[in-house]
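# A structural model of the following input is requested.
(one chain, ligands or ions: 2)
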Amino acid sequence: MESHETSYSHPWPLSHIMGAVLLSGSLLLGPVLPTRAEADTPEGALRLQDGPTAAEGRVEVYRNGQWGTVCDDYINVGDAAAVVCRQLGYTGEAKVFGEAHYGPGSGPIWMDDVRCTGTETRLVDCPHNSTSHNCDHSEDVGVACSAQ
Ligand SMILES: [Ca+2]
Ligand SMILES: [Ca+2]
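Ligands and ions are numbered 1, 2, ... in the order given. Modelled structure (predicted):
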């Protein structure tokens with residue numbers, strides 16, 4: 001594949017480890033520190049945007065203080081939908097869509113070449129390229145979850 005494909009081979013990119021350290025620090029120190037609005041949103045949080053119900057929509061991930069999207073490259077290789085829906089608390093059937101099924105997002109594309117195994121706790125735990133991408137928002141991933 002393209003040369004940048006090798007850059008994701010490390011399963012724990014530094015930005016991810018830093019995020020985990022910052023997150024655990026903020027959890028420990030949270031009660032004594034002044035809170036900002038965005039401090040309530042943990043690194044790696046997900047939301048579903050622009051779907052017909054709250055349980056489906058374009059997948060957006062919170063990273064580096066900003067919501068961004070997920071590229072559809074390789075998204076069908078693993079069970080990314082199951083990971084997304086489980087992270088959001090849905091336990092039923094999960095479907096994934098590429099090509100901006102719920103419309104294109106805006107802002108950063110935080111994750112490319114996402115290849116979940118389906119057992120990850122959070123989408124950001126799935127192997128992926130977090131340092132570069134070759135996508136645009138016409139490739140934004142969408143997911144449909146269901147409660148049962
Ligand atoms: Ca693509
Ligand atoms: Ca790609």
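# any idea how many residues pack against Asp140?
Residue neighbour count, defined by other Cβ atoms under 10 Å, stands at 28 for Asp140. C-beta coordinates here come from the backbone N, C-alpha and C atoms, glycine included.
# quick one, phi psi at it?
With angles defined as degrees, to the nearest 10, Asp140 sits at phi -60, psi 140.
# that one: what's it in contact with?
With contacts defined as Cβ atoms under 8 Å, 6 or more residues apart in numbering, Asp140 is in contact with Arg58, Val59, Thr69, Val70, Cys71, Asp72, Ala100, Tyr102, Gly103, Pro104, Gly105, Ile109.
# cool, and Ala144?
When contacts are counted by Cβ under 8 Å, 6+ apart, Ala144 touches Gly51, Ala55, Glu56, Ala81, Ala94, Lys95, Phe97.
# quick one, phi/psi of the second one?
This points to Ala55. phi -90, psi 0.
# wait, doesn't it sit right on Tyr102?
No: with contact defined as Cβ atoms under 8 Å, Ala55 and Tyr102 do not form a contacting pair (12.0 Å).
# can you give me the helices in this structure?
Applying DSSP state H to the chain gives helices spanning 14-29, 80-87.
# residues from this structure in reach of ligand 2?
By the criterion of Cβ under 5 Å from the ion, the positions of the chain lying close to ligand 2 are Asp73, Asp112, Asp113, Asn134.
# from those, list the buried ones, please.
The neighbour-count test (16 or more other Cβ atoms under 10 Å) applied to those identifies Asp73, Asp112, Asp113 as buried.
# Ile75 contacts Gly98, correct?
Yes: look at Ile75 against Gly98 with Cβ under 8 Å: they come within range, at 5.8 Å.
# from the neighbour counts alone, determine which of these two ranks first.
Ile75 (26 against 17).
# give the contact list for the more buried one.
Taking Cβ under 8 Å, 6+ apart, we find Ile75 in contact with Val96, Gly98, Val114, Val141.
# residues contacting the second one?
Going back to what we said before, that points to Gly98. Asp72, Ile75, Asn76, Glu139, Val141, Gly142.
# pretty sure Gly92 sits against Arg86.
No: here Gly92 does not reach Arg86: they are 10.3 Å apart, not a contact under Cβ under 8 Å.
# settle it for me: which of these two has more neighbours?
For Gly92 versus Arg86, neighbours defined as other Cβ under 10 Å are more numerous around Arg86 (19 against 10).
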